[in-house]
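Asks: what's the 3D shape of this:
(6 chains)
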Number of protein chains: 6
Amino acid sequence: MRENTLVTKWRQGIATVNGWCAIPHPVAAEFMAHCGWDSLTIDLQHGLVDYQAAVGMLQAIGTTPTIPLARVPWREAGIVMKLLDAGAMGIICPMINDRHQAEEFVSYCRYAPEGQRSFGPTRALVVHGADYGARANRQILALAMIETAEALDNLDSILATRGLDGVYIGPADLALSMGYTPQLDPTEPAVVREVERIVTTTRKAGLWVGMHCGAPAYAKAMIAKGLNYATLLSDARILTMKAVELVKEMGSLVEGPKSSTY
Amino acid sequence: MRENTLVTKWRQGIATVNGWCAIPHPVAAEFMAHCGWDSLTIDLQHGLVDYQAAVGMLQAIGTTPTIPLARVPWREAGIVMKLLDAGAMGIICPMINDRHQAEEFVSYCRYAPEGQRSFGPTRALVVHGADYGARANRQILALAMIETAEALDNLDSILATRGLDGVYIGPADLALSMGYTPQLDPTEPAVVREVERIVTTTRKAGLWVGMHCGAPAYAKAMIAKGLNYATLLSDARILTMKAVELVKEMGSLVEGPKSSTY
Amino acid sequence: MRENTLVTKWRQGIATVNGWCAIPHPVAAEFMAHCGWDSLTIDLQHGLVDYQAAVGMLQAIGTTPTIPLARVPWREAGIVMKLLDAGAMGIICPMINDRHQAEEFVSYCRYAPEGQRSFGPTRALVVHGADYGARANRQILALAMIETAEALDNLDSILATRGLDGVYIGPADLALSMGYTPQLDPTEPAVVREVERIVTTTRKAGLWVGMHCGAPAYAKAMIAKGLNYATLLSDARILTMKAVELVKEMGSLVEGPKSSTY
Amino acid sequence: MRENTLVTKWRQGIATVNGWCAIPHPVAAEFMAHCGWDSLTIDLQHGLVDYQAAVGMLQAIGTTPTIPLARVPWREAGIVMKLLDAGAMGIICPMINDRHQAEEFVSYCRYAPEGQRSFGPTRALVVHGADYGARANRQILALAMIETAEALDNLDSILATRGLDGVYIGPADLALSMGYTPQLDPTEPAVVREVERIVTTTRKAGLWVGMHCGAPAYAKAMIAKGLNYATLLSDARILTMKAVELVKEMGSLVEGPKSSTY
Amino acid sequence: MRENTLVTKWRQGIATVNGWCAIPHPVAAEFMAHCGWDSLTIDLQHGLVDYQAAVGMLQAIGTTPTIPLARVPWREAGIVMKLLDAGAMGIICPMINDRHQAEEFVSYCRYAPEGQRSFGPTRALVVHGADYGARANRQILALAMIETAEALDNLDSILATRGLDGVYIGPADLALSMGYTPQLDPTEPAVVREVERIVTTTRKAGLWVGMHCGAPAYAKAMIAKGLNYATLLSDARILTMKAVELVKEMGSLVEGPKSSTY
Amino acid sequence: MRENTLVTKWRQGIATVNGWCAIPHPVAAEFMAHCGWDSLTIDLQHGLVDYQAAVGMLQAIGTTPTIPLARVPWREAGIVMKLLDAGAMGIICPMINDRHQAEEFVSYCRYAPEGQRSFGPTRALVVHGADYGARANRQILALAMIETAEALDNLDSILATRGLDGVYIGPADLALSMGYTPQLDPTEPAVVREVERIVTTTRKAGLWVGMHCGAPAYAKAMIAKGLNYATLLSDARILTMKAVELVKEMGSLVEGPKSSTY
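Replies: Now for the predicted structure:
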């Protein structure tokens, strides 16, 4: 089975950079996949992507060595298993708030006897190798989002979930849940404190920790504090941020300066 | 019928900024449409877009005041008319090399007696207004690409084509056709000279002139020389250019610096 | 954030007319959106629509001032949140039978602290405005379907659910659940009585009430009794009803009358 | 091979009613196919349909005995042959203005030695029968649109084209080409005269004649004058016509009458 | 309503052959549907299919007398009901491990008072007949997968579920759950024993029993032991198995033998 | 730029095996791509594929070392160039009947000064390498189909077309054009003679020659006679051929043998 190179790097103490796909089309995903990200996460939660688009995106990412992950819309068995069968090498699951939810999520990612994932890796077998069935439980990442006040309270027990590989910090929901305005790269001290506590605690528990970031500087700072993988924005945000910047550069123009006349 | 605000601005001596859609999905097009471009061109030639995707993209752009244009794959009647029926407010046609080709192209964009466009503006009627049939010949832009040595030779006669609204300079093909390496924002003196000649000649002939540009600085310089509309890159190029920049900013990291360990 | 004009009208005592989209394509949705409906509901339950089609349909409806709503297949968190992120301005949820289910449903529609909706309004932010996060809990409609005998028993406690904006009466399932044949515009006295009780009780509780209707006359009669919004059939039903009528008008013909011969 | 029942009926002097599909989705096409039309034409010219959508629509129509036809965007070999391979049982080709164009079009519809259609009826073979290759030249209808002043001048020579089965009158383009406003069910005497001349002349030449009509009464009147097949509107027009009528019936309401208040 | 011919055959003691669709496209499904299978199951669990693709596949299968079934991704109400509304004549539900789960699943397939299926058979009504509502509870098959050790323990109580029509044996998951390697056409004695026990017990309980098989010989052997319906592989497996065989036949060649040279 | 390994092998005197994709979906294409074919041809002519599907299929094939080719519907500039921009490494063009047509086709495949291909290799640049522009004229295969009596007459002049890389024999159309029944693996002596003449003449002219074959034995025999690349059937044919065989193996069963009863 194809090696999950994220884990290989993390074990070597190397942090990875994760891209984020919200545009529901394989062409956008393939362009992203050629930009050098260590991994790309197809976002079926807040991205505008559903399963059928995700299959094409997994194929598109599959033209490169980038590791494909997927974020599911919710802790629902069907979609977790379908994405794994389609070749995702890890699942990020939103809103894991307690141990029970963490166990339930992990069980969807693992074949018996470790979990209840149903066997039938249609595409995964073809693209990841004939020994997929035997090795998937070791290579597939189960990553739980920690993004509510409730999850903060239950952090230790969540981290003790057998089979959970790591966590993913959602700073926007975390802030909201703590009573603050949603924000990437949080500056609110209370949120900052909790984010750092999640990083420290997760690493101490022997698990991997990632986070959704808004800028390289912030991501680097967090990596210095222990983060293993950092997401930078999303394809949609990158596209519009740069496009707006370009239009603004043309700007005085847009507002009216005359072109030369004849 | 909806007013073609590009012409309105050009008549006022205001140059416009055109975005370019190569990603074949309405979601990408809609994000682009909210970035402030005066117009967006759906590229059915070198973009990865075909007609069915273009219909969705025209709908997506239709949620904003941005004027939708389309570039067709070739001087073929079917696709020109289908895109106009679907609501495109102008067509950019590649490789117009002589007067005959220019006339043929224009005829596809105009209802009788000015041309041979077939009547049946299914979506255009609904979204642009009940008087579409009566006013389309005035509001729809027919824009011919000048991008070969042959077209340079025939420039005057092309510009004299009745019903042609303007031209669009394709610097890459132009350079190639003149024996140079394809390049956005050309620096090769011979190419620069011809580009400037197209701008000057077109404006003198009373037509509008646009060009595919790679950077705001170049676009502004060309506008100062008479350009009416400037395209900046494409959604695909903007996305990957910025994504690569972000990944590189994380760079030293990607090559290996250790994250903190516990 | 874009104003939810349905609420504005209802507050002024004006009833609204809702169209219903069962054909899973943005082109059909856009044609519907230009017909004058106050709102259009994309039906992901009995319509043949899923999420990816719905995104395109939301874009298509977004070319007009018509308010886009969506009916979800079931009381499942993932799809409710995905549709809101994609720009739906209200959710109709089938089969809300008791207070617990109503609370669960409402929680999916509201950001913390009012609910558990996860933050990431990818498209909604772009098309509805930068203050979407701050205002969505007020502008998004959470509408529970009352369509079973059990729901009738629990009507008062359902209506008392904090954050629930209104209900939607499903006459077919209601009849079925009460032991009668499914029917639009019910005539069975027991069903009629319960429908009217739902309208009266809901309005008294200070919530909005709508219903799936089969004909304008019935819809008007219900509005006179307090209904705030009335759906008329669906695109599929309107299309086939009128098409069958046209074919029948040709009818004697279809069965055989001779065309003139030479 | 499946029998083309249109021809069977026409030979018996029975006129047929043709539906028209402009909405590019199999679900809409299937609903239409269950409405009793003798044939359905997938419109790849002014409809918002392209080839990939048409394949699905052909499958959808294939669930019923309705005969599937297609109108191509233009007299282009590729799309004519692709639609036949996909199972269309006849092609309506726009803008046939002279004998040469008619011959060219017919040649695309016929296998050698009668034409230049390439052999490879991938879907047609499966759904129409193993003898498709041997019988297609007899069962496939080649129908040329007569819709310009030029075509009127060349009518006799067009009708004499070997292998042409019939014509289809496009009243909107015909009127436009003659200098009048495009109109379904023409009332302008000069246009009426020419339409009737096409019907009479075509039937005298031993070919079949059809026309795009706007209402049953007009269609019946034309059938009485010799028309063999009449189209009524399109799915898009039927849907919006009836939807607007329903909304208007609710109308006074939409403008403001109060609903009852509590 | 269309008759479910599977049941008719089973009642006559005739076993049926079921094809399996994992390729998410109506064209593949239609080709399969013309191969003579008694039924085809669209696999939304391990197949790469989601709902929107399934609708098109149901249409494609609908061009033939083959009975369309669907396997859902999980025991989730929304997708079960959507597939039935789209015309599936039976649902195979994975991982039914106890009586409660079986009852829940069956309730999704049945209208009140037998279950909680919501009424709105949009496509099913059109293609299966106007009496669909009245007869669906009798014609729709609810088939529970027995594929875990837990389900084996609860077999009798599962089989006693009111309204359950039959079971479907998943040999791969069953083996995995029992501690063995997943395998089609099991040879492991413990698994063989349990498979045979399921067949015998199910038939004794008066229900129908099917199984996923890998080869005709195995399927026939199981039918001789009481199996009512046998699946053979899937479209994806059939395609790749035969394609690999063909490539291998060319094989020595691929490795290098010279073609003739000039 | 990625090396076109077909040419590499042919230069070494190694014949290659080509698969054929008629099912318009990336999932089917990816499964095919993992079966060991040297190349896969996406058939946009008789396959049910259009451009948008082809883009996804090119991505899917791109997950493997298999060389992607495409057959275009007709000798039309737009689609040839679009497929090359999307990453096809060679184009098979149907119905090349004379030198002029051959030159026209080749010109669409080559950048100036060798041809008129427009510059803008959007996807090709990303997936094949940054030097694509400079090397594409050498790596892209232009393959003309020889499949009519007229082409046989003009064979020498066609083969002398500058820039043409090879030919592809279409035995079905060739037979038809010569007055015989279309047939794969022709047995009609006159057709056999011409096929062998094409192989011999093409190789003598220094070009490559391929053919559509129906069985490995025939393909090997032709390779022995000089064929460089042989296609075997298509995905659709492989799937249905094997599926029918499986169903027939169950056969006596399908016709009625009793399953065991209780």
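Asks: Isn't A:I140 up against A:G87?
Replies: No. Using C-beta atoms under 8 Å, A:I140 is not in contact with A:G87, being 10.5 Å away. Every C-beta, even on glycine, is put in place using the N, C-alpha and C of the backbone.
Asks: Where does the nearest residue to A:G214 once chain neighbours are set aside sit, in terms of helix or strand?
Replies: Nearest non-adjacent residue to A:G214, counting by C-beta to C-beta, 6 or more residues apart in numbering or on different chains: A:L184, 3.4 Å away. Under DSSP states H and E, no helix or strand contains A:L184.
Asks: Wait, A:L184 touches A:M211, no?
Replies: No. Taking contacts as C-beta under 8 Å, A:L184 lies outside contact range of A:M211: 9.6 Å.
Asks: Give the residue from those two that has the larger number of neighbours.
Replies: Taking neighbours as other C-beta atoms under 10 Å in any protein chain shown, A:L184 and A:M211 compare with A:M211 leading, 27 against 17.
Asks: Please report how far the more buried one lies from C:L125.
Replies: For A:M211, the distance to C:L125 (C-beta to C-beta, to the nearest Å) stands at 21 Å.
Asks: so which residue of the stretch 101-250 of chain A comes closest to chain F?
Replies: Of all residues in the stretch 101-250 of chain A, A:V126 sits closest to chain F, at 5.1 Å by C-beta to the nearest C-beta.
Asks: Show the contacting residues for that residue.
Replies: E:T240, F:E30, F:F31, F:H34 (C-beta atoms under 8 Å, 6 or more residues apart in numbering or on different chains).
Asks: Near chain E, which residues of the stretch 101-250 of chain A are found?
Replies: Counting by C-beta under 8 Å from any C-beta of the partner chain, the stretch 101-250 of chain A comes close to chain E at A:111-113, A:116, A:118-123, A:126, A:133-134.
Asks: Among those, which lie within helices?
Replies: A:T122, A:R123, A:V126, A:G133, A:A134 (DSSP state H).
Asks: Count the neighbours of whichever residue of the stretch 151-262 of chain A sits closest to chain D for me.
Replies: Nearest residue of the stretch 151-262 of chain A to chain D, counting by C-beta to the nearest C-beta: A:D235, 24.9 Å away. Around A:D235 there are 29 other residues, counting by other C-beta under 10 Å.
Asks: ok, so what distance separates it from chain C?
Replies: Applying C-beta to the nearest C-beta, to the nearest Å, the value for A:D235 to chain C is 11 Å.
Asks: Assess the claim that that residue and A:M32 are in contact.
Replies: Yes. Using C-beta under 8 Å, A:D235 makes contact with A:M32 at a distance of 5.5 Å.
Asks: list residues touching both of the two?
Replies: Contacts common to A:D235 and A:M32, judged by C-beta under 8 Å, 6+ apart, are A:G19, A:C21, B:L239, B:A243.
Asks: Could you pull up the contacting residues of A:A33?
Replies: Each residue near A:A33 by C-beta under 8 Å, 6+ apart is listed here: A:G19, A:L40, A:A60, A:I61, A:T63, A:T64, A:T66.
Asks: ok, now how distant is it from chain B?
Replies: Taking C-beta to the nearest C-beta, one finds A:A33 at 10 Å from chain B.
Asks: what does A:T5 give?
Replies: For A:T5, the distance to chain B - C-beta to the nearest C-beta - is 12 Å.
Asks: nearest residue to A:S107 other than its sequence neighbours?
Replies: A:G115 is the one closest to A:S107 (C-beta to C-beta, 6+ apart), at 3.9 Å.
Asks: Phi, psi for that neighbour please.
Replies: phi -160, psi -160 (degrees, to the nearest 10).
Asks: got the contact list for it?
Replies: Counted by C-beta under 8 Å, 6+ apart, A:G115 has contacts A:V106, A:S107, A:Y108, A:C109, A:N137, A:G163.
Asks: about what we covered before: most neighbours among the shared contacts of A:D235 and A:M32, please name it.
Replies: If you rank the shared contacts of A:D235 and A:M32 by neighbour count (other C-beta under 10 Å), A:C21 sits at the top with 32 neighbours.
Asks: Please name the residues that touch that residue.
Replies: Applying C-beta under 8 Å, 6+ apart, the residues near A:C21 are A:A28, A:A29, A:M32, A:L40, A:T41, A:I42, A:D43, A:G47, A:V49, A:M57, A:S234, A:D235.
Asks: what sits opposite it in the beta ladder?
Replies: A:I42 (DSSP bridges).
Asks: ok, which residues in chain A are in contact with chain F?
Replies: Proximity of chain A to chain F (C-beta under 8 Å from any C-beta) is limited to residues A:26-27, A:30-31, A:34, A:55-56, A:59-60, A:62-63, A:123, A:126-127.
Asks: The same query, at a cut-off of 6 Å, please.
Replies: Residues of chain A lying close to chain F (C-beta under 6 Å from any C-beta of the partner chain) are A:P26, A:E30, A:H34, A:G56, A:Q59, A:A60, A:G62, A:T63, A:V126.
Asks: Show only the entries of those found in helices.
Replies: Reading helices off those with DSSP H, I get A:P26, A:E30, A:G56, A:Q59, A:A60, A:V126.
Asks: For the residues you listed, which single residue is the most surrounded?
Replies: A:A60 (32 neighbours).
Asks: How confident was the prediction at the residue at minimal distance from the centre of chain A?
Replies: Chain A has A:T41 as the residue nearest its centroid, 4.8 Å off, counting by C-alpha atoms, centre = their mean. If you check A:T41, the pLDDT there is 98.
Asks: show me what contacts it?
Replies: Neighbouring residues of A:T41 by C-beta atoms under 6 Å, 6 or more residues apart in numbering or on different chains: A:N18, A:W20, A:L69, A:R71.
Asks: could you dump these to a markdown table with secondary structure?
Replies: Output for the contacts of A:T41, formatted as a markdown table (DSSP: H, G, I helix; E, B strand; the rest coil):
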| residue | secondary structure |
| --- | --- |
| A:N18 | strand |
| A:W20 | strand |
| A:L69 | strand |
| A:R71 | strand |
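Asks: Any regions of chain A where pLDDT drops low?
Replies: Scanning chain A for pLDDT under 70 picks out A:252-262.
Asks: quick one: what helix or strand has A:I92 in it?
Replies: Counting by DSSP H and E, A:I92 is found in strand A:90-93.
Asks: can you check A:E245 too?
Replies: Element membership for A:E245, per DSSP H and E: helix A:235-249.
Asks: Quick check: buried residues in that helix?
Replies: A:D235, A:A236, A:R237, A:I238, A:L239, A:T240, A:K242, A:A243, A:L246, A:V247, A:E249 (16 or more other C-beta atoms under 10 Å in any protein chain shown).
Asks: Check the secondary structure at the nearest residue to A:T200 once chain neighbours are set aside for me.
Replies: Leaving aside its sequence neighbours, A:T200 sits nearest to A:G226 (C-beta to C-beta, 6+ apart; 6.3 Å). Secondary structure, three-state DSSP: A:G226 is coil.
Asks: From A:W208, how far out is A:G226?
Replies: Distance from A:G226 to A:W208, by C-beta to C-beta: 10 Å.
Asks: cool, A:E196 as well?
Replies: 16 Å.
Asks: With A:A54 instead?
Replies: Taking C-beta to C-beta, one finds A:A54 at 23 Å from A:W208.
Asks: re earlier: between A:I140 and A:G87, who's got more neighbours?
Replies: A:G87 (27 against 23).
Asks: Does that one touch A:A124 like I think?
Replies: Yes. Taking C-beta atoms under 6 Å as the definition, A:G87 is a contact partner of A:A124 at 4.9 Å.
Asks: The stretch 151-262 of chain A: helices as residue ranges?
Replies: Secondary structure of the stretch 151-262 of chain A (DSSP state H, counting those that start in this stretch): helices at A:155-159, A:171-177, A:189-204, A:216-224, A:235-249, A:251-255.
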